[in-house]
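sequence first, predicted model second:
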Amino acid sequence: MAPDRLQRVADQVYRLEDRFVNLYVLDLGKIVLVDTGTRKAEDNIRQGLRELGKEVEDIAVLLLTHHHVDHVGTAVVWKRESRAEVDLHRIDAPVAAKRERRRTHGVEARMKVVAAFMGLFTPFMRGPPLETDRLLDGGEVLDILGWPVEVIHAPGHTLGSCAFYAREAGILFAGDAVNGRRGTPEPPIVMEDVAASRDSFRKLTALNAPLLLPGHGSPVRRG
Ligand SMILES: [Zn+2]
Ligand SMILES: [Zn+2]
């Protein structure tokens, strides 16, 4: 029997590891995905949905933290198959749609190897263009299937990076603005804006969320 794809991290919230990156599955009756993994994550997500007794058609919303290919990789599939709504910050949306490209700074030579491994320098045209349905600004509170979710613009790793804070549930989805290393928050290693990334890291960790769920690494729990 195949091992469980989903790891429960909180009530109604599951972590799915797609090789080196996390995505999160929220079972709120219908399904919300916070990020969508690499393009190879498709089968794992289908299996994860089966574990919850859900269908692909149940995927209602895709909350995307930023434009990188290891986070938006399967979004076009769910948008096509279940008409899931794609939410992404307006600054990153043109990159996901392949209308704009971005340069990454702040990577030391030795880290370039790591970054290449992580798929951050994959060719620009790799993967189909993804159109965003709801352009985010930061500062708004979304009603995600009854869950109030605050959008926090956390630029730096990418200029349009966002964190999603379900304050009532005590859960902060940090994307790549904060990494989780053995339960400790760490700043990202690749950045489009180094100074902004530092500020965003401070801002998000200062929230002291009971549970911080990073794009890479393990969950960070407080208290
Ligand atoms: Zn990233
Ligand atoms: Zn990433």
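Okay, I see it. Ligands and ions are numbered 1, 2, ... in the order given.

show me the residue at the heart of the protein, geometrically.
With distances taken as CA atoms, centre = their mean, residue 35 lies nearest the centre of the chain, 3.5 Å away.

correct me if wrong: that residue contacts residue 26.
No - with contacts counted by CB atoms under 8 Å, residue 35 stays clear of residue 26, the gap being 11.5 Å. Backbone N, C-alpha and C define where each C-beta goes, glycine included.

tell me which parts of the protein are close to ligand 2?
Along the chain, the residues adjacent to ligand 2 under the rule CB under 5 Å from the ion are 70, 176, 215.

so which of those residues also contact ligand 1?
Filtering the residues of the chain next to ligand 2 for proximity to ligand 1 by CB under 5 Å from the ion leaves residue 176.

okay if I get the residues of the chain next to ligand 2 as a markdown table plus neighbour count, pLDDT and secondary structure?
Shown next, in a markdown table, are the residues of the chain next to ligand 2 (neighbours: other CB atoms under 10 Å; pLDDT from 0 to 100; DSSP: H, G, I helix; E, B strand; the rest coil):
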| residue | neighbour count | pLDDT | secondary structure |
| --- | --- | --- | --- |
| 70 | 26 | 93 | helix |
| 176 | 29 | 97 | coil |
| 215 | 27 | 97 | coil |
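
out of the residues of the chain next to ligand 2, who's nearest residue 170?
Closest approach to residue 170 among the residues of the chain next to ligand 2 (CB to CB): residue 215, at 18.8 Å.

for the closest one, which non-adjacent residue is closest in space?
Spatially, and ignoring its direct neighbours in sequence, residue 215 is nearest to residue 176 (4.3 Å; CB to CB, 6 or more residues apart in numbering).

and residue 163, what are its bridge partners?
Assessed by DSSP bridges, residue 163 has beta-bridge partners residue 152.

which residues are in contact with it?
Going by CB atoms under 8 Å, 6 or more residues apart in numbering, residue 163 touches 65, 151-152, 154, 172-175, 177-178, 204.

taking the residues you listed, tell me the two that lie furthest apart.
151 and 178 (15.8 Å).

neighbour-wise, which of those two wins?
residue 178 (27 against 19; other CB atoms under 10 Å).

longest helix in this protein, by number of residues?
In the chain, with assignment by DSSP state H, the single longest helix is helix 194-206.

right, is it up against ligand 1?
No - Helix 194-206 stays clear of ligand 1 (CB under 5 Å from the ion), getting no nearer than 10.9 Å.
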